[in-house]
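K.L.:
Return atomic coordinates for the entry below.
(one chain, ligands or ions: 1)
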Amino acid sequence: MTEYAVPFHWRRFKERYLLIGSKCEKCKRYFYPGRAICPVCRRSGSLKDYRFSGKGKVFSYTIIHVPPKGFEAYAPYIIAIIELEEGCKVISQVVDCKPEDIKIGMPVRACFRKIREEDKSGLVLYGFKFRPD
Ligand SMILES: [Zn+2]
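P.N.:
Numbers count the residues shown, from 1 in each chain. Reported below is the predicted structural model:
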């Protein structure tokens, strides 16, 4: 194991399972996934880990009818851009909601679900999904 492996994996773990990103103390912007440098303030910024509340609303969405290999059993399913109440956006699956029931502006909340293992294609799957709130 290389020297940087532990913090790297811990950071990824926090992002996937705890919905942790960053907040810039200077410009008060939030980022997910977390950043090392604030893209607005650059060197003068000060980024701290921030755990998002998980509350947000549907910003836009798409219904997946023809899923990638390995996800056939889940189709059709909803992939949405969620605008978190802190103001940043994440892409996630929306569960416990029929494709015909989802609406832009609908309140949603993060939930934690069993997810498929990462496969050889390197497909990245976060540990959280969103459901109607
Ligand atoms: Zn900043």
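K.L.:
Strands of this structure, start to end?
P.N.:
Along the chain, counting by DSSP state E, strands occupy 20-24, 30-31, 47-51, 55-64, 77-84, 89-94, 107-112, 128-132.
K.L.:
Check the spacing between Tyr28 and Gly45 real quick.
P.N.:
Careful, residue 28 is Lys and not Tyr. 11 Å (Cβ to Cβ, to the nearest Å). All C-beta atoms are positioned from the backbone trio N, CA, C, and that covers glycine.
K.L.:
Have a look at these two and say which one is more surrounded.
P.N.:
Neighbour count, other Cβ atoms under 10 Å: between Lys28 and Gly45, Gly45 has more, with 17 against 9.
K.L.:
Leaving out sequence neighbours, find the closest residue to the more buried one.
P.N.:
Cys38 (3.0 Å; Cβ to Cβ, 6 or more residues apart in numbering).
K.L.:
tell me the contacts of the one you found?
P.N.:
22, 24, 26-27, 29, 31, 45-47 (Cβ atoms under 8 Å, 6 or more residues apart in numbering).
K.L.:
For the closest residue to Met106 other than its chain neighbours, grab the count of nearby residues.
P.N.:
Of all residues not flanking Met106 in the chain, Val58 sits nearest, at 4.6 Å (Cβ to Cβ, 6+ apart). A count of nearby residues for Val58, using other Cβ under 10 Å, gives 21.
K.L.:
Can you give me every residue that contacts Gln93?
P.N.:
77-80, 129-130 are the contacts of Gln93 under Cβ under 8 Å, 6+ apart.
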